[in-house]
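Asker: Model the following, please.
(one chain, ligands or ions: 1)
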Amino acid sequence: MTRLQPVHIANTRSLWLQEALAQEAGPVCPPLQGGLMTDIAIVGGGYTGLWTALRIKELDPSVDVTILEADICGGGASGRNGGLVLGWYAKLKYLIAVCGEEEGVRLAKAATAAVDEIGAFCNAHGIEAHYRKAGTLNVATTPMHVRDWSAEVAMLERHGIHDAERVLGPGEASARGGSPRYLGGLFQRDAATVQPALLARGMRRVAIERGVRIFEQTPVIDLQNERTPSLRTPGGVVIAGKVVLATNAWAAGLPELRRAIIVLSSDMVATAPAPERIAATGWDGGESITDSRLMVHYHQVTHDGRIAIGRGSGALAYLGQVSPTFNQSARRSEVVERGLRWLYPTLGDVPVTHRWAGAVDRSRTNTLVFGALDGNPNVRYGVGYSGTGVAPSLIGGRILASSVLERDDEWSSTRLNTGAAVLYPPEPARFFGGLLVRTATRIKEENEERVEDTPAPVKALASLANARTPKRPVKR
Ligand SMILES: Cc1cc2nc3c(=O)[nH]c(=O)nc-3n(C[C@H](O)[C@H](O)[C@H](O)COP(=O)(O)OP(=O)(O)OC[C@H]3O[C@@H](n4cnc5c(N)ncnc54)[C@H](O)[C@@H]3O)c2cc1C
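Answerer: As a prediction, this is how the structure comes out:
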């Protein structure tokens with residue numbers, strides 16, 4: 001029997017979920033009571049679980065699919081994220097390192113095409129999720145982060161990906177992004193923004209329309225990882241032909257996945273609506289923005305003219321346990337707010353009205369880690385989005401759907417579907433080592449902001465946060 005860790009439900013919902021739930025008219029998905037048999041049981045009703053269910057129904061509408069969600073669909077990262085819909089061109093080198101060149105390029109193109117597919121999905125199903133495709137800016141906010149972006153553009157060109165990125169000079173980056181701190185950067189064309197919870201709740205609605213059974217407030221307590229797997233919930237039992245674990249960061253509690261991912265918080269704040277003030281900065285083109293730090297700032301302007309900004313890598317989970325601090329922390333929210341005021345000094349008096357956090361599952365290779373739990377082909381898992389999961393979860397859904405339907409195709413056979421390529425060290429080294437690396441990264445990035453050097457040992461420690469390359473990439 002495998003126990004699943006509990007989900008601590010947030011007392012305060014994200015801005016996005018508050019908005020989405022306020023305008024929702026149903027249907028209600030009550031908790032599971034009693035016994036149930038189903039072809040495919042999916043644990044977790046975030047983007048991964050929902051895309052998997054939708055894809056299964058698309059491929060074979062006769063298959064009976066059931067989602068069990070501890071909270072509400074979108075209660076996890078899918079209803080709390082920054083809403084930056086990004087493809088995988090920025091991750092091309094990591095994909096190639098794990099999958100080889102041909103497969104890496106194919107996956108990067110597929111995840112980038114997913115940006116458009118999400119927009120088309122919203123259109124086709126009347127999901128008003130504020131989808132807007134206006135690209136994204138990756139900027140340097142200190143001279144020490146100014147780099148040769150043309151090398152990244154050239155790498156894409158070498159792989160037949162043309163016109164997807166354009167280098168911005170200092171004047172253009174700062175004018176377009178509305179901040180004097182932006183010293184140059186890269187414009188990436190194939191990116192969008194979305195109101196993430198409206199997307200998750202819209203996907204839930206479409207899944208129900210396609211006949212997917214959804215039970216919310218139904219935490220799975222344990223799993224019998226057998227040929228015919230079963231799941232126990234507080235009010236019932238589910239016997240399934242196949243099980244999909246789409247539990248994101250919460251999967252880090254499973255012994256098999258404990259070393260595949262680390263769980264870090266990402267913290268967000270949103271300002272009051274101030275559309276004229278934001279437009280006055282010059283940032284009114286609808287592009288999302290990320291900076292070049294590892295503890296990355298990511299931000300978008302919302303439909304009603306707020307800045308929603310987040311910062312990565314706050315808290316670190318011991319033994320992969322997603323504790324209540326991953327729902328919100330006043331101290332970490334303050335750090336994000338300071339970042340906002342530093343990036344946008346002219347908006348110093350625009351109040352922050354919403355604060356929340358969520359858990360991010362970072363893999364050692366910065367790419368997906370999907371596979372069969374303990375080698376059982378009837379129990380599949382999918383984690384490792386590493387902070388970029390909004391568009392890639394559509395690819396994750398394809399991998400999981402093809403796997404449980406036993407289809408032999410490019411999704412089930414991807415290298416990303418064969419477990420972790422590189423592992424983290426075991427606890428307690430992972431946690432205490434992680435704390436050291438995180439502290440070193442924070443010191444280095446604070447020094448860089450002040451354009452000061454960092455002592456070599458601290459730099460060396462911080463560099464351990466970089467993605468690792470597996471010894472032998474698989475050639476396909
Ligand atoms: C604050 C934040 C900002 C982010 N910003 C971005 C961004 O701008 N762009 C981007 O691309 N990515 C971003 N990400 C990452 C992205 O949101 C995730 O990669 C993506 O949502 C993962 O979807 P998921 O379905 O796998 O996970 P989740 O949405 O977390 O869903 C997992 C679900 O499983 C449920 N669950 C867990 N355990 C159990 C159990 N035992 N029984 C039943 N249910 C269970 C949880 O309640 C949860 O609803 C961000 C993440 C966070 C936290």
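Asker: Just give me the residue closest to the centre of the chain.
Answerer: Ranked by distance to the mean C-alpha position of the chain (CA atoms, centre = their mean), the top residue is G389 at 3.1 Å.
Asker: Helices of the stretch 351-476 of the chain, residue ranges please.
Answerer: Using DSSP state H, counting those that start in this stretch, the helices found in the stretch 351-476 of the chain span residues 392-404, 429-449, 456-463.
Asker: again with the chain
Answerer: Assigned by DSSP state H, the chain shows helices spanning 15-22, 47-59, 92-99, 101-124, 149-158, 170-177, 196-209, 275-281, 330-343, 392-404, 429-449, 456-463.
Asker: quick revisit: show me what contacts the residue nearest to the centre of the chain?
Answerer: 47-48, 77-78, 81, 248, 396 (CB atoms under 8 Å, 6 or more residues apart in numbering). Where you see a C-beta, it was placed from the backbone N, CA and C, and this is true even at glycine.
Asker: how about a cut-off of 10 Å?
Answerer: Residues near G389 by CB atoms under 10 Å, 6 or more residues apart in numbering: 46-48, 77-78, 81, 86, 248, 360-361, 368, 383, 395-396.
Asker: what's the answer for N327, then?
Answerer: 8-14, 80, 265, 356-359.
Asker: next one: R201
Answerer: Applying CB under 10 Å, 6+ apart, we find R201 in contact with 16-17, 19-21, 23-24, 50, 72-74, 78-79, 127, 129, 195.
Asker: Return a ChimeraX selection command for the buried portion of those.
Answerer: Buried subset of the contacts of R201, written as a ChimeraX selection, criterion 16 or more other CB atoms under 10 Å:
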select :16,17,19,20,24,50,72,73,74,78,79,127,129,195
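Asker: near the ligand, which of the contacts of R201 show up?
Answerer: Contacts with the ligand are made by S78 out of those, judged by CB under 6 Å from any ligand atom.
Asker: distance of the closest residue to the ligand within the stretch 201-350 of the chain from D222?
Answerer: As assessed by CB to the nearest ligand atom, the ligand sits closest to N248 within the stretch 201-350 of the chain, at 3.1 Å. Distance of N248 to D222, computed by CB to CB, to the nearest Å: 18 Å.
Asker: So between these two, which is more surrounded?
Answerer: Per other CB atoms under 10 Å, whichever of N248 and D222 has more neighbours is N248, with 29 against 13.
Asker: shaky segments in the stretch 1-150 of the chain?
Answerer: In the predicted model, the stretch 1-150 of the chain carries no residue with pLDDT under 70.
Asker: Most neighbours of all the contacts of G389, which one?
Answerer: Sorting the contacts of G389 by how many neighbours each has (other CB under 10 Å) puts T48 first, at 33 neighbours.
Asker: Quick check: the residue of the stretch 201-350 of the chain closest to the ligand touching D71?
Answerer: No. Using CB atoms under 10 Å, N248 is not in contact with D71; the gap is 11.8 Å.
Asker: Can you pull the residues that touch both of these two?
Answerer: 44, 46.
Asker: one step back: looking at the contacts of R201, which one is closest to the ligand?
Answerer: S78 (3.2 Å).
Asker: Not including adjacent chain positions, what is the nearest residue to that closest one?
Answerer: G46 (3.7 Å; CB to CB, 6 or more residues apart in numbering).
Asker: repeat for P351
Answerer: Per CB to CB, 6+ apart, closest to P351 is A272, 5.1 Å.
Asker: Repeat that for L92.
Answerer: According to CB to CB, 6+ apart, the nearest residue to L92 is A108 (4.7 Å).
Asker: Restricted to strands, list the contacts of G389.
Answerer: 86, 360-361, 383 (DSSP state E).
Asker: which bits of the stretch 151-300 of the chain sit near the ligand?
Answerer: Within reach of the ligand by CB under 6 Å from any ligand atom, the stretch 151-300 of the chain has these residues: 219-220, 246-248, 250, 266, 268, 298.
Asker: So which of the residues you listed belong to strands?
Answerer: 266, 268, 298.
Asker: OK, contacts around the last one?
Answerer: This means Y298. Y298 makes contacts with 81-84, 86, 136, 138, 266, 268, 288-291, 308-312, 387-388, as judged by CB under 10 Å, 6+ apart.
Asker: try A140
Answerer: 146-147, 149, 168, 170, 173, 181-186, 291-293, 448.
Asker: Just the closest of these to the ligand, please.
Answerer: Using CB to the nearest ligand atom, D291 is the member of those that lies nearest the ligand, at 13.2 Å.
Asker: I'd say that closest one and N138 touch.
Answerer: Yes. Look at D291 against N138 with CB under 10 Å: they come within range, at 7.7 Å.
Asker: which residues touch R331?
Answerer: Residues in contact with R331 (CB under 10 Å, 6+ apart) are 267, 314-315, 325.
Asker: Format the helices of the stretch 351-476 of the chain as JSON lines; extra columns: distance to E102 and mean pLDDT.
Answerer: Formatted as JSON lines, those follow (distance: least, CB to CB, whole Å; pLDDT from 0 to 100):
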{"stretch": "helix 392-404", "distance to E102": "16", "mean pLDDT": "98"}
{"stretch": "helix 429-449", "distance to E102": "33", "mean pLDDT": "90"}
{"stretch": "helix 456-463", "distance to E102": "29", "mean pLDDT": "91"}
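Asker: can I get the ones you listed in JSON lines with distance to the ligand?
Answerer: Listed next are these as JSON lines, based on distance: least, CB to the nearest ligand atom, whole Å:
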{"stretch": "helix 392-404", "distance to the ligand": "5"}
{"stretch": "helix 429-449", "distance to the ligand": "16"}
{"stretch": "helix 456-463", "distance to the ligand": "22"}
